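Asks: Here you go, sequence then predicted model.
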Amino acid sequence: MSHNLPTLLQVNNLVKDFPIREGVFRRVAGSLRAVDRVTFSIDEGETLGLVGESGCGKTTVGRAILRLVEPTAGLVIFSGDDLLSLSPREMDERRTNMQVVMQDPISSLDPRMSIKDIVAEPFVAHGRLKGQALRDRVAALLEMVGMAPQHLWRYPHELSGGQRQRINIARAIALSPRFLVLDEPTSALDVSVQAQILNLLADLQRDMKLTYLFISHDLSVIKHVSHRIAIMYLGRVVEIGPVDEVYDNPAHPYTQTLLAAIPAIDLDRKRKRFLISGEMPSALTPPPGCHFHTRCPLVQETCRRVEPAKATIGKEHSASCHLLR
Amino acid sequence: MGDLLLRVKDLYTHFYTFEGTVKALDGISLELKRAETLGLVGETGCGKSVTALSILGLIPCPPGKVEAAEIWFDGVDLLKLDKEEMRAIRGKKIAMIFQEPATALNPVFPVGEQTAEIIRIHKQVSKREGMQKAVEMFHLVGIPDPDRVSKKYPHELSGGMNQRVMIAAKLSSNPALLVADEPTTALDVTVQAQILQLMKGLVQRFRTAVIFITHDLGVVAEICDRVAVMYAGVIVESSKTRVLFENPRHPYTRSLLQAIPKLVERIDRLPVISGTVPSLINPPSGCRFHPRCSLADSPCKVEKPSPTSVEAEHWVSCFRYDQGD
């Protein structure tokens, strides 16, 4: 793994509040904290998996890092630059190094643009290439993502889900970025197609020395792609660590229940049957203390009042739970 | 076999569309015993849902056309029934739950009222008794505070709660067969685990047979007694669940199982199935999987393989299933 490599992305206490508007004048009546003091770093060439159930804020983290939504507070340092202090124009320049692949492969492609125009757009937008050089580069990109040149003149609706996701990836890697946010890139795909896309992403990471933030709710996929993983619950990172260590020795009760809940194909996999009751509370009214206390089977009095601090479990492995103190 | 509940023989469902005839099902045969759970798995478009809808007589005609040697259910041939007779069976003896509980429920009535209505249709009871029974059913499916929840509208409930409501409503008539079409696909894994646990308990208690449609082999491993794997409108392999995972014989089943990222072993590249799912307007001749199959031989291209018994209750439709090791 990449322990000796320099840190590419450092995220410190990232916060994103969304205003809640009410009434005729859309007055701001309150706010919803989607991301609550999230801290992590990603080394160059590494994949950090960000896992959690729907509504836990994982997508907002990805967007806030790229400033596709403006973070409320915190620090995002990418390759030495403090991104949140940059002007929009400066940020645009940095974005050539940071790209995103979204979950839904069809709504992220303009239905009225041909594949050629879609993949060429980043070069046009940043005024990098034109003419024959541009055409050559687009054809080369298509080849890199495993598509035949005849697809150049097609439109998104003519492609299958897997092919569309390949086009999304081709567009994302067009400007040779260093960092990709992959937001559930295979969730809309069948397993056999998912396998192709995951292999493609692994090849590109190796060949282009890419760094990934891989967001997913699928714990098997996350296990397959990640070097380290961070588990989110209701806006907060509850556990972070090297992937094998977290899967073998999950420290936070939420991580334990999450892993126990995966429907297992490995029929003999040893596991604690440890089902949690209830569902994730609304982010509008998060419970006090530890966010997980309403569902935690091991809940204690302190958990209901005091937010747990981060406890170190091993090298690079930490979790936020009172029981670990 | 006195225990037999459903026998489908040579089911062909075709759709006559502008582009041509979609041969969605190409000779499906299956059997289901009382209180047995059969998993129907396969990728998007393989015909799992069409199989269920054909059995239930819910394929719109035109454009669809359902032909079969027989669809025998609990002593009657469903194909010989008229609309009225079929409607009397549907909902009462055969119930169905869908992937999106929120869209299957009526948004403008409280969930308790909707459930009570279903109960009143199938059992001649008063409005009050219906409501009482609905609340009882809600209690049974683990809805907390069923009295209060019964007065809520679907949009006020979470996906997991709505799915519990659906299960309560559908099991209220004590059907002999429950068709569940991806009932947990839209849910988070912790909630999915709860719903699977609940369904397992209820079908045992009521001795309900279940056809469980899913694309997730992990879910199959959790809940199904037997499983049938579908590819392009054909059942390619069927067996007891454990046998399928331990000793898959059809090349498609094998590749499908290999394409899933595993939690235990770690591999760098996922084995993929070359090519894409064929169009069902012009399906490949012979075995529909032959263009993507690594074992394909000349007979595979011409002749359609029929189910061959590999061992007790294990059938595979492949000429070369013993060549794979």
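Replies: On my side now, so go ahead.
Asks: Show the backbone phi and psi for residue B:116.
Replies: Here the main-chain torsion angles of residue B:116 (degrees, to the nearest 10) amount to phi -60, psi -40.
Asks: Got the confidence number for the residue lying closest to it once chain neighbours are set aside?
Replies: For residue B:116, the nearest residue in space outside its immediate sequence neighbours is residue B:130; the separation is 3.7 Å by C-beta to C-beta, 6 or more residues apart in numbering or on different chains. The C-beta positions use only the backbone N, C-alpha and C, and glycine is treated the same way. pLDDT for residue B:130: 91.
Asks: so where does residue B:130 fall, helix or strand?
Replies: Under the criterion of DSSP states H and E, residue B:130 resides in helix B:127-140.
Asks: what's the offset of the helix or strand that that helix is followed by from the middle of its chain?
Replies: As assigned by DSSP H and E, the chain's next helix or strand after helix B:127-140 is helix B:146-149. Averaged C-alpha coordinates place helix B:146-149 at 30 Å from its chain's average position (C-alpha atoms, centre = their mean, to the nearest Å).
Asks: average pLDDT for helix B:146-149?
Replies: The average pLDDT within helix B:146-149 is 90.
Asks: now do stretch A:29-41
Replies: For stretch A:29-41, the per-residue pLDDT values average out at 91.
Asks: ditto for stretch B:229-248
Replies: Taken as a whole, stretch B:229-248 carries a mean pLDDT of 93.
Asks: Then stretch A:191-210?
Replies: If you average the pLDDT over stretch A:191-210, you get 92.
Asks: Not counting that stretch itself, show me its contacts.
Replies: With C-beta atoms under 8 Å, 6 or more residues apart in numbering or on different chains as the contact definition, stretch A:191-210 has outside contacts at A:44-45, A:47, A:144-146, A:160-162, A:165-166, A:169, A:173, A:176-180, A:182, A:185-186, A:189, A:212, A:221, A:224-225, B:43, B:215, B:217, B:255-256, B:259-261, B:268-273.
Asks: re earlier: what helices or strands is the helix holding residue B:130 leaning on?
Replies: With contacts defined as 3 or more C-beta pairs under 8 Å, 6 or more residues apart in numbering or on different chains; DSSP states H and E, helix B:127-140 has these neighbours: helix B:111-122, helix B:146-149, helix B:159-171.
Asks: at 10 Å instead, please
Replies: Helix B:127-140 sits against helix B:111-122, helix B:146-149, helix B:159-171, helix B:189-206, with contacts defined as 3 or more C-beta pairs under 10 Å, 6 or more residues apart in numbering or on different chains; DSSP states H and E.
Asks: from those, which stretch is densest packed?
Replies: Among these, helix B:159-171 has the highest mean neighbour count (mean count of other C-beta atoms under 10 Å in any protein chain shown), at a mean of 25.
Asks: just to revisit the earlier point, using ChimeraX, define a selection of the buried residues within the contacts of stretch A:191-210.
Replies: Command for ChimeraX that selects the buried part of the contacts of stretch A:191-210, burial taken from 16 or more other C-beta atoms under 10 Å in any protein chain shown:
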select /A:44,45,47,144,145,146,161,162,165,166,169,173,177,178,179,180,182,185,186,189,212,221,224,225 /B:43,215,217,255,256,259,260,261,270,272,273
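Asks: before we move on, back to that, how much space is there between the residue nearest to residue B:116 and residue A:15?
Replies: Remark: distance between residue B:130 and residue A:15 (C-beta to C-beta, to the nearest Å) = 50 Å.
Asks: can you check residue A:39 too?
Replies: Applying C-beta to C-beta, the value for residue A:39 to residue A:15 is 11 Å.
Asks: what do you get for residue A:32?
Replies: Taking C-beta to C-beta as the criterion, residue A:32 is separated from residue A:15 by 12 Å.
Asks: While we're on residue A:1, how confident is the model there?
Replies: Among the per-residue scores, residue A:1 shows a pLDDT of 46.
Asks: related to what we said a few turns ago, which residues do residue A:39 and residue A:15 both contact?
Replies: With contacts taken as C-beta atoms under 10 Å, 6 or more residues apart in numbering or on different chains, residue A:39 and residue A:15 have residue A:74 as neighbours in common.
Asks: hmm, stretch A:284-301 touching chain B?
Replies: Yes. For stretch A:284-301 and chain B, the contact criterion (C-beta under 10 Å from any C-beta of the partner chain) is met by residue A:295.
Asks: That stretch: which residues count as buried?
Replies: Neighbour counts over stretch A:284-301 (16+ other C-beta under 10 Å) mark A:286, A:289-296, A:299 as buried.
Asks: quick one: average pLDDT of stretch A:137-146?
Replies: The pLDDT scores in stretch A:137-146 average 92.
Asks: Confirm residue A:11 sits in a strand?
Replies: Yes. Remark: residue A:11 belongs to a strand, assigned using DSSP: H, G, I helix; E, B strand; the rest coil.
Asks: ok, now which residue in chain B is the farthest from the centroid?
Replies: Summary for chain B: using C-alpha atoms, centre = their mean, the residue whose C-alpha lies farthest from the chain's mean C-alpha position is residue B:128, with a distance of 34.0 Å.
Asks: Please tell me how far it sits from chain A.
Replies: Residue B:128 sits 31 Å away from chain A, going by C-beta to the nearest C-beta, to the nearest Å.
Asks: Was I right to think that residue contacts residue B:116?
Replies: Yes. Taking contact to mean C-beta atoms under 10 Å, the distance of 8.9 Å between residue B:128 and residue B:116 places them in contact.
Asks: shared neighbours of the two, anything?
Replies: Here residue B:128 and residue B:116 have no joint contacts, going by C-beta under 10 Å, 6+ apart.
Asks: What is the neighbour count of the closest residue to chain B within the stretch 1-150 of chain A?
Replies: Distance from chain B to each residue of the stretch 1-150 of chain A (C-beta to the nearest C-beta) is smallest for residue A:53, at 3.9 Å. Applying other C-beta atoms under 10 Å in any protein chain shown, we find 20 other residues in the vicinity of residue A:53.
Asks: what sits against it?
Replies: Contacts of residue A:53 were listed using C-beta under 10 Å, 6+ apart, and they are A:217, A:232-234, A:254, A:258, A:261, A:279-280, B:187-191.
Asks: Including pLDDT, secondary structure and distance to residue B:87, could these go into CSV?
Replies: Formatted as CSV, the entries for these read as follows, by pLDDT from 0 to 100; DSSP: H, G, I helix; E, B strand; the rest coil; distance: C-beta to C-beta, whole Å:
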residue, pLDDT, secondary structure, distance to residue B:87
A:217, 90, coil, 39
A:232, 95, strand, 47
A:233, 94, strand, 46
A:234, 92, coil, 45
A:254, 93, helix, 46
A:258, 89, helix, 43
A:261, 85, helix, 38
A:279, 79, coil, 35
A:280, 81, coil, 39
B:187, 84, coil, 30
B:188, 85, coil, 35
B:189, 86, helix, 37
B:190, 86, helix, 38
B:191, 86, helix, 33
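Asks: Which of those residues are buried? Put it as a PyMOL command.
Replies: Buried members of the contacts of residue A:53, identified by 16+ other C-beta under 10 Å, are gathered into one PyMOL selection as follows:
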select buried, (chain A and resi 217+232+233+234+254+258+261+279+280) or (chain B and resi 187+188+189+190+191)
